[in-house]
Structures are given as C-alpha cells and as structure tokens.
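> 3D model of this:
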Amino acid sequence: MDRIADVWGARTPHGRGTSWPVRVDQQLADGVGESDVDRWVQSACVLCSNGCGCDIAVKDGRIVGVRGREADVVNRGRLGPKGLYGSWQAHGRDRLTTPLIRRGGALVETDWDTAMSAVVQRSRQLLDETGPLSHGFYTSGQLFLEEYYTLGVIGKAGIGTPHMDGNTRLCTATAAAALKETFGADGQPACHADIDLCDALFLFGHNMAATQTVMWARVLDRIAGPDRPLVVVVDPRRTPTAEVADVHLAPLPGTNQALMNGLLRAVIENGWVDDDYVSAHTLGFDELKATVEPYTPERVAEICRISPDGLLRAAEVFGTSERVLSTVLQGFYQSHQATAASCQVNNLHLLRGMIGRPGGGVLQMNGQPTAQNTREAGANGDLPGFRNWDNPAHVDELARLWNVDPLTIPHWAPPTHAMQIWRYAEQGSIRFLWISATNPAVSLPELARIRRVLEREDLFVIAQDAFRTETTELADVVLPAAMWGEKQGTFTNLSRVVHLSEQAVAPPGEARSDLDIFLDYARRMGFRDLDGAALVKWEDAEGAFEAWRECSRGRPCDYTDLSYEKLRGGSGIPWGGERLYADGVFPTDADRCEDYGHDLLTGASTTPADYQARRPDGRAFLKAAEYTPAPERTSDEYPFIGTTGRSVYHFHTRTKTKRAPELQKAAPDPWIEISAADASSLGVGEGDVVRVESERGGVEVPVRIGRCRDGVVFLPFHYGFQAANELTHTEWDPVSKQPLFKISAVRIRSV
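The predicted structure follows:
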C-alpha cells in the first residue's frame, strides 16, 4: 500500500465498545526483507504526540526500518506516514558528527573538550559578572524525560535561573494552562480507548487527520463501523477532518471564545446539565451562566460568521449524547483567548458530568511527542512534579529532594515563558542562551526579529542538534546530538502513556546523547549540593529515571509504579491509570494544586489567600470569560486573516522529515490556501505564485484553492526558505503565554 497516497491505511471497522482491531504497519529500506533484519528494538514513534509503539529494525549496525507494535494501547500496530518514513530515514543523512565553534565569523570543526570548555568558560564568566539571570535555556518537545529532568535540575538548582522554556510554549502550553485552570493540575483526563466508546466526538481547532494520523485512523474505523459516533468539527478550513463531520462550524479565526460561550448557553438553556454533578463537583456555575447568557445563537453567528442553526445542532449533539469525547489543539491554542476558549471545552464536559467516564472526557492535546515531559520534569519553567511555584511547601520539598538551599530555586516570580526569554535576550539581559533540539529561526513568530536576536554580539548561543539548521548557522557553539534510536529514554504521549525507547544503534561520529551533554556540562561546572556531593547524581538514563520517580512520588504525575522493567512489556503504560477523575475529585486543594489560577481575560494571578478563600476542596472550576476582539484584525490594507498549520507529511521545521524522500517528494514546497471566491476576486488561479505580506514581512508561494472559508488564508509553517512565520506577530495569550500564530492580518498580490 502506498502510504503517501493513502495516508491512513486500510480500514478495520469496529463498533462501539469493541476493541480496535490490530493492523501492523511496516516499512523497510529498499532491498531489506524481514529475514534480513538482525534484531528488532523496542521504541515508540516521536513524530507526533500520539507516541505510537513501534520496533526499530537493525541490520549491520544500521537502522533499516520500523514496524508498529500490535500490543500497544495507543496504535495497535499502526504507523502514519511520518513514522513509517521520517522516523528513521534521516539518520544517515547530513548528520552533525563533530562539534563546531565560531572562529572569525565562521563555524569550524573542533573537539568536544574545546567546545565544552568554551561553553563552561562563558557560563562561569557570566555567573560571576551578572548572576544566574544571565542564563536562558530554550529546549524542545523532542528530548526524553530523563534529559528534561536533568536539564531542569541543572537550571533550577545548579544555576538558579527562572529563564527555562521551550518550543512547547509555541505548541501546547495552552493545554497545560487550561487543565490547571479547571482541574488544578496538568494531565489529560481521557484516553485513546474513549474513541472506541464515545457516541459523539468534538474536535475543537484540531485537524486530527493531519496532525495525529494514527489517531484519525481509529476515528475513521469507528465511522466505518456500526454505531458510529456523530462528529462535530470546529475549524475555519474544510480539512479532511471536517469533510467527515456531521456538523462543521467554521468560525472566523479569533472568535473561538464567542463560539464556546454560545455553545455553553445553549446547553444550559435546554436543560442538558447534570445538576447533581455540577453541585457536588464544581465551583462557579452561577457566574458562568451569567457570563454566557448574552451569547444568543444570533449574536454568536454575527461575531463568528457561522449559521445559528449549526451552532444549535452542535449544542444538541453535545447535550444529548450519552458519551462525548472532545479534543482540542492549535486552532484554539494558537488563537485569541486561547486559554479562555479551551477552558470552556472543559466546562461543557463538567456541566454534563462527562469527565473520567468511559467514552466521555477531554483530551487537551499535545502536538509534540514529549511535550508532556517538559511540563512534568520542569524543563519548560514549571517546577518538577507539577509543584506550585507559589507554594513554599512545594519549593521546600523540592529543595530537600535535591539537597539545596530553597533560595537557590528561583520562585520569587512565575517562571519566564519563551516569548519573554527571547525578549530578554533582545534587550541584552540574557547573554547565554542554550538551544536544544529545536529550530527557533523557523518556528518562532516574527522571524526577522528572531534572526536579529540570534546575531547579537553580546549573546552567546549554544545550539544542540543532530543536523545543521537555520538556527545552528547563527550559533557560537554547535553540539552534535544523538537522535531517537541512538540513545535510551522514556517519553509520555498525549494521553499520559509512557513508552521506553531503547538504544538500537550507536550515534554517528562523535555525536552524544542530550543526556550525556547535560551531564558533561554539570560535571565541568562543578554543581554541588549542600553536603558537597555532586548535584546531579546519576550517570545514565535509567539512573535519571529512578531519580525522576522519586521526584514525582506523591504528586499528580506519580511515576513510582513504573520502571524500565515494566515498560519493556508489549505496550506503553499510562501514569495515573487509564482515566483521571473518575471519582469526581480533582487536585484543587490549596496544598496540592499546581497553580492558583488566573483571570482568563487579563492573565492576572490569583493570590494564595484568595484561592484558599474559595475552598475548592477537590472541586473543579467553571471559569468564565467574555469574548473580546482579537488584537490584530483585518483592514483595507490587510484584508485577509492569515493562519498557519501543518502538512500531513511534515513535522515542525522539517529537520527530519525533509530528509525522508517519500515525505519530501509529497510536500516539497510551501503554498497558500484560499477560498474559491477569494481567488476569483484576486484574479488568481491554482498554482499561480503570489506574495503574501503582513506588516512584518512577506513570502512568495503558489496558490491552492478550495479549503479555506472566505476571508481566511492558510500557510504551512514547516518551510524555512519561505517561512509562514515571517508574517506572524509577537503577541501571546495572557494566561498560557502561547503565541497567536493563527490571527495575522495579511494582503495578497500577484507576482
């Protein structure tokens, strides 16, 4: 089967309540048959947040293919095109195999000792001159849990800097924020098996057909079987996901909060509320009801430019279905009022008592395979183990665990989010920036500005990667890193399922695992605990995992029931059980919660005293917010709303997937997507090259006609040579701090 042409593979229909049938997908290098494989090594795919269990094929010390693991709870043997091709084909192409250092304006090869000595010398110099606030760390959703935890300990207890975040801030920071605001802590309530059990599936800003192809195959198999679920899709584009929907709502980008308030109002007005559940397990119903009351179908239709009948039909599906599963992704997370709108999805489920029930729950989705681990382990700024920055007892607990002075751990203010880290680097207060496994010179908004920041003479940039990228070319030191399959570690997918990825082959040349690089830095810096012992006490991945287990003990993300031995079974294992909150008890107690919450409109923090005064006592919060207009809107000069997103064939900035011939051939170049009516008014046809411009920059790309609603244009963000992020602006959600990639005012002219 051609899995480029047939992205989701053959159907295996099944009815509600039956197990998803097994279908094992496999791809081997040309000329290699199954009998030629020397061994199969356990792993899981790292090219989307699904985290599909797989085995790596090894022959003569090389990775030669991959196959799905039939026993895995996530994928039951299936793999998507990115997993089948992109997960392993990049390993032998264009790899960084030796460290590089900038000399005379150019990057030249060097040895590890010279490269690390330069890093350590600059780090010590800045710590002596200006202190820990001179240091920033910008990481990824691509490393392993053990590497994130090690980095978190180095940054928070070794250096003492609050300036730690990563590209997960661009991707799914709103998922964590919405979960914390509603339930008191991060962690997805639902699971993949809920697709097999639901009567209705709502996808809020989530083009699952492109972003999680194997998960979408599971949905397609339910749709093809008996007792199919009703599908409701919220997306301004008519994507392949929307094409199978029973109800497709296409609101204007930036109006999600108005839409959600309208849905909530309709559910309340029609009496589709589980009053007993709301009374026993939530706080804030009266305020929520009053806030959504003005959002009549007619008013919402006017704001969002949708049909009022469509809104009411969607509300009816949600309000009358026995089991509803909702997923949320970038169409909400990267848009205006991101956290507010995502919290309203949680509210819908709480109103119906649809949390922790088989077939009924919420997946505030992740986009990257290890985004969950950055949040759990503290590499993104959060304290490890879902601890609360504002709770002195949590900080003291962490200080005892690490045997450091609590004052070393920076908790005098919230951690510095990614957009602020880059602003501090722009202003010159951050002068040491360590970038690992990500390519911000393509992925961040307003790229002209980012290039200027990276080129600053007073900013020392370390780029740690497996390939030369747009970012490594602007670094002072480049460290060659091992990839998936070349190192050992664990990672946690969108539904809390933990997989162990074993080392299959040695990394090429002098490349080292990210864990080994961080450990080398810690040793050279001489970080010590209060007893004078090494601060970082482990030397390998399993040792780091054991240390992490202790750090997570007793916290909502408790890993103490897991071990490498258990994870070597046939399937990944979720922490916390299959579903969370089946008992209706949430981690909102003041001494347990991860965050005291915020005002959804302004981002203002709730004080500990105000939080305690509400006495949540294990109840969830029904947080409400008015709709407000987006900060950037169309005008006569810039008459279109530009949004960005993914191609089904590429992942992020194509560092890996462009090196897979099948994927690169399928989507070699960027494009712009516009409606047929807009194409006609502009006088452009399919394939015509146009220039798309915002106030910040422009790109020249060919036209595709058909999927967007009128007034909206779409560009994929993967392509560094004509990057969509030349157009996007430096604005972010007040709560999650996630950039607003989805609402740039643009104009189009023929080239």
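
> Kindly confirm my reading that residue 221 forms part of a helix.
Yes: the assignment for residue 221, made by DSSP: H, G, I helix; E, B strand; the rest coil, places it in a helix.

> To what extent is it buried, counted in neighbours?
A count of neighbours around residue 221, defined by other Cβ atoms under 10 Å, yields 25. For the C-beta atoms, the positions are set from N, CA and C on the backbone; glycine is no exception.

> Next one: it from residue 686, what distance?
The span separating residue 221 from residue 686 equals 33 Å under the rule Cβ to Cβ, to the nearest Å.

> Show me what the helix or strand containing residue 441 is packed against.
With elements taken from DSSP states H and E, the one containing residue 441 is helix 440-443. For helix 440-443, the contact count by 3 or more Cβ pairs under 8 Å, 6 or more residues apart in numbering; DSSP states H and E identifies helix 447-454 as packing neighbours.

> ok and whichever helix or strand comes after the helix it packs on relative to helix 447-454, angle-wise?
Per DSSP H and E, helix 447-454 leads on to strand 460-465 as the next helix or strand towards the C-terminus. Here strand 460-465 runs at 110 degrees with respect to helix 447-454, directions being taken by axes from the mean of the first three to the mean of the last three Cα atoms, to 10 degrees.

> Alpha carbons of strand 460-465, as CSV, please.
As requested, the backbone C-alpha atoms of strand 460-465 are provided in CSV (Å, rounded to 0.1, in the frame of the first residue of the first chain):
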residue,chain,number,x,y,z
PHE,A,460,26.4,33.6,23.4
VAL,A,461,24.3,30.9,21.7
ILE,A,462,24.8,27.1,22.0
ALA,A,463,22.8,25.1,19.5
GLN,A,464,22.5,21.3,20.3
ASP,A,465,21.1,19.4,17.3
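
> Show me what it is packed against.
Contact analysis of strand 460-465 by 3+ Cβ pairs under 8 Å, 6+ apart lists helix 112-129, strand 432-436, strand 477-480 as its packing neighbours.

> So what angle separates the directions of the longest one and strand 460-465?
I take that to be helix 112-129. Computed by the same axes, to 10 degrees, the angle between helix 112-129 and strand 460-465 is 140 degrees.

> start the count at 416, not 1, going forward
Noted, 416 is the first residue going forward, which turns the last one into helix 527-544.

> and stretch 791-811, which residues are buried?
Burial within stretch 791-811, assessed by neighbour count using 16 or more other Cβ atoms under 10 Å, is assigned to 791-806, 809-810.

> So what touches the helix or strand encompassing residue 937?
If you go by DSSP H and E, residue 937 is part of helix 929-940. Outside helix 929-940, the residues within contact range by Cβ atoms under 8 Å, 6 or more residues apart in numbering are 527, 531-532, 534-535, 538-539, 558-559, 561-562, 565-566, 569, 573, 851-852, 879, 894, 896-897, 902, 904, 927, 949-951, 953-956, 959.

> Any chance of a PyMOL selection covering the buried ones in the residues you listed?
Buried residues within these, as defined by 16+ other Cβ under 10 Å, are selected in PyMOL through the command that follows:
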select buried, resi 531+534+535+538+558+559+561+562+565+566+569+573+851+852+879+894+896+897+902+904+927+950+951+953+956+959
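
> Need the helices and strands packed on strand 875-880 in CSV (columns: distance to residue 616).
Formatted as CSV, those follow (distance: least, Cβ to Cβ, whole Å):
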stretch, distance to residue 616
helix 527-544, 48
strand 847-851, 36
strand 892-895, 43
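
> Confirm that residue 1136 sits in a strand.
No: under three-state DSSP, residue 1136 falls outside any strand and is assigned helix.

> hmm, back to that, can you name the element that comes right after the helix holding residue 937?
Elements were assigned by DSSP H and E; along the chain past helix 929-940, the next helix or strand is helix 956-967.

> packing partners for that next one?
With contacts defined as 3+ Cβ pairs under 8 Å, 6+ apart, the secondary structure elements packing on helix 956-967 are helix 560-568, helix 786-792, helix 807-817, strand 904-907.

> Let me have the ones you listed in JSON lines, adding mean pLDDT and distance to residue 1112 as columns.
Written out in JSON lines, the entries for the helices and strands packed on helix 956-967 read as follows (pLDDT from 0 to 100; distance: least, Cβ to Cβ, whole Å):
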{"stretch": "helix 560-568", "mean pLDDT": "98", "distance to residue 1112": "32"}
{"stretch": "helix 786-792", "mean pLDDT": "95", "distance to residue 1112": "28"}
{"stretch": "helix 807-817", "mean pLDDT": "98", "distance to residue 1112": "42"}
{"stretch": "strand 904-907", "mean pLDDT": "98", "distance to residue 1112": "35"}
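
> Mind checking these for the one nearest to residue 972?
Taking Cβ to Cβ, helix 786-792 is the member of the helices and strands packed on helix 956-967 nearest to residue 972, at 4.9 Å.

> contacts for that closest one?
Judged by Cβ under 8 Å, 6+ apart, the contacts made with helix 786-792 from elsewhere in the structure are 464, 554-556, 558-560, 563-564, 567, 581, 583, 586-587, 590-591, 601, 781, 794-795, 797, 799-801, 905-909, 911, 963, 966-967, 972.

> Please name the nearest non-neighbouring residue to residue 797.
Closest residue to residue 797 in three dimensions, ignoring its sequence neighbours and counting by Cβ to Cβ, 6 or more residues apart in numbering: residue 790, at 5.6 Å.

> Likewise for residue 767?
Sequence neighbours aside, residue 689 is the residue nearest to residue 767 in space, at 5.6 Å (criterion: Cβ to Cβ, 6+ apart).

> try residue 530
Nearest one to residue 530, counting by Cβ to Cβ, 6+ apart, is residue 514 at 3.7 Å.

> now do residue 605
Leaving aside its sequence neighbours, residue 605 sits nearest to residue 776 (Cβ to Cβ, 6+ apart; 3.0 Å).

> Kindly report the same for residue 479.
Of all residues not flanking residue 479 in the chain, residue 444 sits nearest, at 4.4 Å (Cβ to Cβ, 6+ apart).

> burial count for that neighbour?
If we define neighbours as other Cβ under 10 Å, then residue 444 has 15 of them.

> Ok, residue 1166 next?
By the criterion of other Cβ under 10 Å, residue 1166 has 10 neighbours.

> residues contacting it?
For residue 1166, the contacting residues are 1104, 1105, 1106, 1115, taking Cβ under 8 Å, 6+ apart as the criterion.
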